[in-house]
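Chemist: Have a look at this prediction, sequence included:
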Amino acid sequence: MEEIIGYVASNHKASKILAVLDSKGPMDSATIGKTTRIIGAEKTIEELVVKKLITSAGNKYELTELGKQASHRLRGV
């Protein structure tokens, strides 16, 4: 878990994506990019899928349980 926290804490794009999915719920990659104002968000989204922090449900992405835990630890919830 510490490795995951370190990755997200050091990756500004990843932490923004996790935070927006945590607060707003599932969304597609275009909406994630617009909401977080990240150009090329798809690359970071794919990294988060590989690390099992988010999952694809149809064309929308949502946090996994690990992603929720990481997001809450980073925000101090």
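Modeler: That came through fine. Residues are numbered from 1 along each chain as shown.
Chemist: who's in contact with stretch 8-16?
Modeler: Tyr7, Leu18, Thr36, Ile38, Ala41, Thr44, Glu47, Leu48, Leu53, Ala70, Ser71, Leu74 (Cβ atoms under 8 Å, 6 or more residues apart in numbering). For glycine as for every other residue, the C-beta is placed from the backbone atoms N, C-alpha and C.
Chemist: what does the average pLDDT come to for the longest helix seen in the chain?
Modeler: Longest helix of the chain, by residue count under DSSP state H: helix 12-24. Averaged across helix 12-24, pLDDT comes to 97.
Chemist: If you count neighbours, what's buried in it?
Modeler: Across helix 12-24, burial judged by 16 or more other Cβ atoms under 10 Å covers Lys13, Ala14, Ser15, Lys16, Ile17, Leu18, Val20, Leu21, Asp22.
Chemist: do you know how far Tyr61 is from Glu2?
Modeler: From Tyr61 across to Glu2, the span is 24 Å (Cβ to Cβ, to the nearest Å).
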